[in-house]
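> the following comprises the amino acid sequence and a computationally predicted model.
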Amino acid sequence: MARGEIELNKLTKEFAEVRAVDGIDLHVHGAEFFSLLGPSGCGKTTTLRMIAGFEQPTSGQILLDGTDVAYTPPHHRNVNTVFQNYALFPHLNVFDNVAFGLRRAKRPKNEIKQRVGQALELVQLSGYDKRKSSQLSGGQQQRVALARALVLNPAVLLLDEPLGALDAKLRKTLQIELKALQQEVGITFLYVTHDQEEALTMSDRLAVMNGGHVEQIGAPQDVYEDPETLFVADFLGVSNLMEARVVSAGAGVCRVALDGYELETRGTKLDVTGAAKIVIRPERLELEEHGTASGLNRIPGMVERLVYVGSAVQVIVRAATGESLQALIQNTGKGIPFEQGTPVQLHLPPDAVRVLPFGIGDEPSLKADEPAEETAATT
Amino acid sequence: MYRRWLWPSLSAPGVLWLIVLFVVPFYAVLGVAFGTVDPILFQPVPIWNPLQWNVGWVVEVLHRLAPGGIWFDVGIRTIVYVAFSLALCLLIGYPVAYYTARHAGRLKGIILILIILPLWISYMMRMLAWVNLLQTDGYVNRFLMFTHVLSQPRGWLEGSSSTVIFALVYGYIPYLILPLFASLDRIDRSHLEAARDLGASPWSAFRHVTLPLSKTGILGGAVLITLPMFGDYFTPNIVSPTPKTSMIGNQIDLYFHGGPQPTVGAALTILLAAFLTLLMLYYMWSIHRAQRDVGAVGAL
Amino acid sequence: MTAVAESRPTRGFSPAARLRGWIRNPWGRPRFLVLMTWAYILWSIVPVLIAVQFSFNGTRSRTVWDSFSTRWYWGDPVDSVWHDPTLRHALVQSFKLAGADVLIAVPIGVLLALGLARWHGRGSGASNFIMLFPLVTPEIVMGVALLLVFTELFTFVHTGTTAQILGHVTFSISFVVVIVRGRLFSIGRQYEEAAADLGASPFVALTRVLLPLLTPAIVASAAVVFAISADDFVISQWLSKGGETDTVPIRIYSATRAAPLPSVNAIATIMMVSTLLIVTLGFVAWRVFTRGERKEGAKEELGAFGM
């Protein structure tokens, strides 16, 4: 078995009346950068803490390289944690912080010295031995926390939103460094975050969690482009959601009807009938001049407003079907040919549109239940 | 992570100590107060079984405290002293706490140290200081004669209610200022700025924002000084050692250290403790109410 | 439009007008409050300073200043603190009680603080309540209770030094708990978890990580216990059996009711200076130990230390 493989079987944690983690099944491969992504309260941190050993599961198994460690105390597990606030011991300097675990394992002095030196070099903090943590910047503290955990050669490294306290630019830099570090060291990183961009950037695979259960697991590209539930579609990136009625569903292609328009969409393996939602990402939504030759999957609309975000422009369009959709147009320097308040034509390329069933608690509005009218005559 | 029995075990020495030397002594007071007195030796005979308790002495003490009893005046006097002292402490202490919390600026640290300082100076030392100053030939008399307020020295220490109240204020006021300061310091500047922004004058902002928000501090400080004040006996004894300014604490002191009648003293102690418990419950209820109101304000 | 006039008159005006202007300045700090605060501070501290001054008086008077002398400290062969056995014994007794109080109450209190902060099972609520009660009990009630328990129940103790030490420790434990618990809350569990994560057994996590982090609170509570014990009057008096078991506050109390000499000022000054020194040391130790944890501009600790 590859070193650093984690398997969670029906893992459950209840606090008083609340089910923080609801019977989740998860398989993390060895040497993988795996993220747990979700909003606050979804159970991702609780799951991490159970793997680390700070919480005991109510039921279920935590298999680390085949052994169930669910009831092993944390100091006997071969996993180490980078805490959200770093938790560097304030009464020890950098060297003593990093050496802490080695000393607990009673390693000989020269081995400790060598390994600490290597660990600090790995995080680019050689020479900082004697500093106290209060003398370090946020980014430096985070690296000491990393070195402290990695010096013990754990099978798995757990990271609990380690970049949360840093400013945006530093965060971006450290994301790249962390990913490179993981590949260099070659152990499993289990990363918890609520920032979907972060998860998409760094992960080999990720799991989207909500309300104590896992909504979807997959590579970033799959989860982003092929969301299986409404929650995943909405949580990752901006999603343009529209209510529709399924006309026909199949693995290759689906047909849906909304407000008199019929659209062809990507095929799906999910069971969708009747009222459903369709989703298309802003960068796939194409805008054409009003009155150009219409064809499949075209809906007229009106430009509501334009939002300049630097590298691109968001064009908010109110479609003839009533929804407000966002299109993202890269800033190529040639200007945007659409103005606020002018009519425009939306093109939804069929394989960019996904059909999703309604989620629990989501009620379809009456509109989607209306029978499809005749396809609107092209004008 | 830790064994479940660890924390109770660590607590055990402390809890045991407090049970043996705090809870049990209270029971001893009850045992003596509800006991009897040996008629020959005049020694108290405590009764430990609650079912056999003799309420005679407690009833007797209640009689003495009731209107017409020999201690009725003392009781009323104690309440009056405490009430006046509390009022004066608030009148002096609130502006000082307010200034330190909100307007002191750079000097805040220094002023805070100076205000905390008396807490660490022995109470006896502070009383001694005033006893020296209030002597017939002390600085107070000399200053008042120098400014022609008095034509001859006054006997400040010869039995005067105002001296007792003055001493109580001097002694206890630092314990009021500190919680008051803490609560005023905590008030968010943005509340006041919002009030001013909406048209309140400085005085109005104070009355309608600062004062209500500092209510818990006022109540907390009041509890902190009135409860001990009710049991104070040494302050009147030092600055005004005559029976006509004695407080309830003096009576208890008398019955233990004068001609000892511990049973009477114990009974009186119990009644004092009962009264203070009621007072404490009232304070807690008021604080609870004040916090509830502040909670509503905070939500706005 | 002419320039806005200066907010208060300075040059070219008479001193009286300037003073009035300073007081009436609407942009300045509320002058009444400033005056009142400084008046309070003077009223609060100056009398004590005068008492200290008179401890160095050359004559036997505590009210009329003559000349500077140290006779009341060690000079006078009969009545100085050094030579008068009652005064000397009072000093010794005060330090004895305070020292014993610190040595007993601080360890018990630290353990109790740790236990109460983390214990959530049955009995924790009641234990917490019992711990808080001494803080709100008036001293005379406690004095009566302790006296009666040592004379009617635990009669093998009687009154005296042992009783006084037992009494001091009883009311000191709660102070230690409150101080240490505050520190525990601000530390949180993260360091112990990090230690366990890195392979430390629970025992090591407690002793090698948590206790060092609690050091400032332990030192501070020791200083506070010393000060409280040195200042204590009521409990010491009620459990004293006279003579050598009288402490400095008791001596001052009896002296002020008789015809005291400035030696009483001297002994009070010695006690006051000792206490202030120890409290300052405790405060400095707190600041030094938490130096690494402080962000800019944290002055709140001064207020917290004032208890």
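Good, I have the coordinates.
> dump the helix or strand hosting C:Ile45 to CSV, restricted to CA.
Secondary structure assigned from DSSP states H and E places C:Ile45 in helix C:31-54. What follows is helix C:31-54, C-alpha atoms only, in CSV (Å, rounded to 0.1, in the frame of the first residue of the first chain):
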residue,chain,number,x,y,z
ARG,C,31,-11.2,70.6,32.4
PHE,C,32,-13.5,69.8,35.3
LEU,C,33,-12.8,66.1,34.9
VAL,C,34,-9.0,66.7,34.7
LEU,C,35,-9.0,68.8,37.8
MET,C,36,-11.2,66.3,39.7
THR,C,37,-9.1,63.3,38.7
TRP,C,38,-5.9,64.9,39.8
ALA,C,39,-7.5,66.2,43.0
TYR,C,40,-8.7,62.7,43.7
ILE,C,41,-5.2,61.2,43.1
LEU,C,42,-3.6,63.7,45.4
TRP,C,43,-6.2,63.2,48.1
SER,C,44,-5.7,59.5,47.8
ILE,C,45,-2.0,59.3,47.9
VAL,C,46,-0.7,62.4,49.7
PRO,C,47,-1.9,61.4,53.2
VAL,C,48,0.0,58.2,52.9
LEU,C,49,3.1,60.1,51.9
ILE,C,50,2.8,62.3,54.9
ALA,C,51,2.5,59.3,57.1
VAL,C,52,5.7,57.9,55.6
GLN,C,53,7.4,61.2,56.1
PHE,C,54,6.5,61.3,59.7
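> and that helix, what other elements does it pack with?
Helix C:31-54 sits against helix B:72-102, helix B:108-120, helix B:123-133, helix B:161-186, helix C:262-289, with contacts defined as 3 or more C-beta pairs under 8 Å, 6 or more residues apart in numbering or on different chains; DSSP states H and E. Where you see a C-beta, it was placed from the backbone N, CA and C, and this is true even at glycine.
> tell me where the stretch 201-300 of chain B has helices.
B:202-205, B:211-213, B:215-230, B:234-239, B:248-257, B:262-299 (DSSP state H, counting those that start in this stretch).
> can you list contacts of the fourth one?
The contact list for helix B:234-239 (C-beta atoms under 8 Å, 6 or more residues apart in numbering or on different chains) reads B:127, B:130-131, B:134, B:156-157, B:163-164, B:166-168, B:171, B:245-247, B:249-250, B:253, C:233-234, C:253, C:256-257.
> which of those residues count as buried?
B:127, B:130-131, B:134, B:156-157, B:163-164, B:166-168, B:171, B:245-247, B:249-250, B:253, C:233-234, C:253, C:256 (16 or more other C-beta atoms under 10 Å in any protein chain shown).
> spell out which parts of chain B neighbour chain A.
Taking C-beta under 8 Å from any C-beta of the partner chain as the measure of proximity, chain B contacts chain A at B:Met1.
> on that earlier part again, which of the helices and strands packed on helix C:31-54 sits closest to B:Thr226?
Nearest to B:Thr226 among these is helix B:72-102 (5.5 Å), distances taken as C-beta to C-beta.
> how far out from the middle of the chain is that closest one?
Chain-centre distance of helix B:72-102: 10 Å, with C-alpha atoms, centre = their mean, to the nearest Å.
> before we move on, what about stretch C:281-294?
18 Å.
> and it, what's buried?
By neighbour count on 16+ other C-beta under 10 Å, the buried set for stretch C:281-294 is C:Gly282, C:Phe283, C:Ala285, C:Trp286, C:Phe289, C:Thr290, C:Glu293.
> now the residues you listed in JSON lines, with distance to chain A?
Shown next, in JSON lines, are these (distance: C-beta to the nearest C-beta, whole Å):
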{"residue": "C:Gly282", "distance to chain A": "18"}
{"residue": "C:Phe283", "distance to chain A": "19"}
{"residue": "C:Ala285", "distance to chain A": "14"}
{"residue": "C:Trp286", "distance to chain A": "14"}
{"residue": "C:Phe289", "distance to chain A": "8"}
{"residue": "C:Thr290", "distance to chain A": "8"}
{"residue": "C:Glu293", "distance to chain A": "5"}
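> possible to save these as TSV with pLDDT and distance to B:Gln52?
Below are these laid out as TSV (pLDDT from 0 to 100; distance: C-beta to C-beta, whole Å):
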residue	pLDDT	distance to B:Gln52
C:Gly282	91	49
C:Phe283	90	53
C:Ala285	89	54
C:Trp286	88	52
C:Phe289	84	55
C:Thr290	81	56
C:Glu293	69	58
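> relative to C:Ser221, which of those is nearest.
The nearest one, if we look at the buried residues of stretch C:281-294 relative to C:Ser221 and count by C-beta to C-beta, is C:Gly282, at 8.2 Å.
> I figured that closest one hits C:Ala220, correct?
Yes - using C-beta atoms under 8 Å, C:Gly282 is in contact with C:Ala220, at 4.9 Å.
> any regions of the stretch 251-379 of chain A where pLDDT drops low?
Low-confidence segments of the stretch 251-379 of chain A (pLDDT under 70): A:293, A:359-379.
> one more time with 80
Counting by pLDDT under 80, the low-confidence segments of the stretch 251-379 of chain A come to A:269-271, A:291-295, A:334-336, A:358-379.
> now it against chain C: closest residue?
A:Gly310 (33.2 Å; C-beta to the nearest C-beta).
> how many neighbours does the spatially closest residue to that residue that is not a sequence neighbour have?
Nearest residue to A:Gly310 in three dimensions, chain neighbours excluded: A:Asn331, at 7.4 Å (C-beta to C-beta, 6 or more residues apart in numbering or on different chains). Neighbourhood size, A:Asn331 [other C-beta atoms under 10 Å in any protein chain shown]: 13.
> before we move on, what about A:Ser324?
For A:Ser324, the count of nearby residues is 12 (other C-beta under 10 Å).
> now do the contacts for it.
Counting by C-beta under 8 Å, 6+ apart, the residues that A:Ser324 touches are A:Glu304, A:Ile316, A:Val317, A:Arg318.
> make TSV out of the residues you listed and add distance to A:Leu125.
As requested, these are arranged in TSV below (distance: C-beta to C-beta, whole Å):
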residue	distance to A:Leu125
A:Glu304	50
A:Ile316	46
A:Val317	50
A:Arg318	53
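> out of those, which end up buried?
Buried among those (16+ other C-beta under 10 Å): A:Ile316, A:Val317, A:Arg318.
> could you look up the SS state of the last one?
Following DSSP: H, G, I helix; E, B strand; the rest coil, we place A:Arg318 in the strand state.
> looks like it contacts A:Gly301 (just checking).
Yes - taking contacts as C-beta under 8 Å, A:Arg318 lies within contact range of A:Gly301: 5.7 Å.
> where do the contact lists of these two overlap?
A:Leu325.
> mind listing what the nearest residue to B:Leu88 once chain neighbours are set aside touches?
Residue nearest to B:Leu88 in three dimensions, not counting chain neighbours: B:Val169, with 4.8 Å by C-beta to C-beta, 6+ apart. Neighbour list for B:Val169: B:Ser85, B:Leu88, B:Cys89, B:Ile92 [criterion: C-beta under 8 Å, 6+ apart].
> how does it look with 10 Å?
Residues in contact with B:Val169 (C-beta atoms under 10 Å, 6 or more residues apart in numbering or on different chains) are B:Phe84, B:Ser85, B:Leu86, B:Ala87, B:Leu88, B:Cys89, B:Leu91, B:Ile92, B:Gly93, B:Leu176, B:Ile225.
> the residue nearest to A:Gly310 and A:Leu306 touch, don't they?
No - between A:Asn331 and A:Leu306 there is no contact, the gap being 11.5 Å when judged by C-beta atoms under 10 Å.
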